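*Asks:* Kindly generate the corresponding structure for this input.
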Amino acid sequence: MTHGFDPPDFDAAEEHLETAHRVVVGDSRRLDALPADSVELVVTSPPYPLVEMWDGVFADLNPAVADALDRGDGPAAFEAMHAVLDDVWSELARVLVDGGIACVNVGDATRTLDGTFRVYQNHSRVVDAFEARGFDPLPEVLWRKPSNSAAKFMGSGMLPPNAYVTLEHEYVLVFRNGSQSRQFEPGAERRYEAAYFWEERNRWFSDVWTDIRGEHQALAGGELRDRSAAYPFEVPYRLINMYSVYGDTVLDPFWGTGTTSLAALVAGRNSVGYERDGEFAAVFDGRVADVPALSREVVETRVADHREFVADRRDAGETLEYEAEHYGFPVTTKQERSIRLYAVDDVQTIDGGYRAIHAPVDDGAGATQD
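*Replies:* Residues are numbered from 1 along each chain as shown. You can find the predicted model right below:
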């Protein structure tokens, strides 16, 4: 177990970027490895209360859960499960810097208990919990996660009035720790280099994402987890780019298969993941080997997409006023001029995690600079 975390500092004078990624096997209700004010961003997807696959996890952590389920008391089980999550949210208030952001991906649950079918609004309960801990809610995102089934109905099917809407979306709830935004020194390079393209901002900061699909996970023959429509890479990757800068540390207190750390590696941020089951850390070793290739693919796609955007604007007779300082293409706004993308050159295993070296991609064609 790692008991300290000292991520590298961002140094704009260096041609390469170095990041550290720690995995802590432990209970995230006590983030003992992290001192106060040591994390700039949280991106996580916790177990969803009243979704049946997580019953055993919650019951292990709070015996009141099993008692309520045995009685068929859905509201009591719902509250007992959220009480477990509340302890984690309290720790986040401690470790997040003032103005730091927490992004929580969560879905609501539908369940029949004691003969009664209803929806349990996990997203509403999580909002209440964060507000009680001094967080300010910010505009949230809905991302549509279609089910694999062709049947789009529950209840009485084609007969009114007892059919029910099928839940095909999840929430990305966004909170700021305290009432004030983070402050940076004027012209902070780690912030300006971490800019996103104008067209990315328009897509990413929409309140509804329809271009992301859930993923299927099958690990260790299903012994660890076998679930459909799981937390996809694109969700944490977007959020990390939206709400952090180079040099920041991203925390996932419900680390699981490590998708948040994978996204942080590709995005060039530091990360810390907490996970109760140490077997997941071993599974992640296999994903790390693919990070350099994935990183290059993501960067090349972003650059190619921007070039296509520029071509479309020019075909429409429009002119982009500014030039990107590190690339051979124009950009829409002054704030984009310093944008700099990095690709992972190498990932090394260190005690309790990984250290990555990122090289700037400067020629605008997606090739990593030697």
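*Asks:* And the average pLDDT for the lengthiest helix in the chain is what?
*Replies:* Counting residues, the longest helix in the chain under DSSP state H turns out to be helix 291-315. Here helix 291-315 scores 96 as its mean pLDDT.
*Asks:* Give the buried residues for that helix.
*Replies:* Of the residues in helix 291-315, 291-292, 294-296, 298-300, 302-303, 306-307, 309-310 count as buried by neighbour count, 16 or more other C-beta atoms under 10 Å. Glycine gets a C-beta too; all of them are placed from N, C-alpha and C.
*Asks:* okay if I get these as CSV plus distance to A163?
*Replies:* Conversion of these to CSV gives the following (distance: C-beta to C-beta, whole Å):
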residue, distance to A163
V291, 45
P292, 49
L294, 42
S295, 46
R296, 48
V298, 41
V299, 46
E300, 46
R302, 42
V303, 47
H306, 45
R307, 47
F309, 42
V310, 48
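*Asks:* Let me know the closest of those residues to R340.
*Replies:* Closest approach between the buried residues of helix 291-315 and R340, by C-beta to C-beta: V299, at 10.6 Å.
*Asks:* Please enumerate the helices of the stretch 201-350 of the chain.
*Replies:* 234-243, 259-267, 279-288, 291-315 (DSSP state H, counting those that start in this stretch).
*Asks:* between the ones you listed, which one is nearest to P7?
*Replies:* Once those are compared by C-beta to C-beta, helix 259-267 is nearest, at 10.6 Å.
*Asks:* Quick one: list the elements packing against that closest one.
*Replies:* Under the contact criterion of 3 or more C-beta pairs under 8 Å, 6 or more residues apart in numbering; DSSP states H and E, helix 259-267 touches strand 17-25, strand 39-44, helix 234-243, strand 249-252, strand 270-275, helix 279-288, helix 291-315, strand 341-350.
*Asks:* Now do the strands in the stretch 101-250 of the chain.
*Replies:* 109-113, 116-120, 135-144, 154-155, 163-164, 169-177, 208-209, 215-219, 225-230, 249-252 (DSSP state E, counting those that start in this stretch).
*Asks:* what about the residue nearest the centre of the chain, distance to D70?
*Replies:* Compute the mean C-alpha point of the chain, and by C-alpha atoms, centre = their mean the closest residue is P236, 2.8 Å away. From P236 over to D70 the distance is 36 Å, taken as C-beta to C-beta, to the nearest Å.
*Asks:* what's G155 in contact with, if anything?
*Replies:* 117, 162-164 (C-beta atoms under 8 Å, 6 or more residues apart in numbering).
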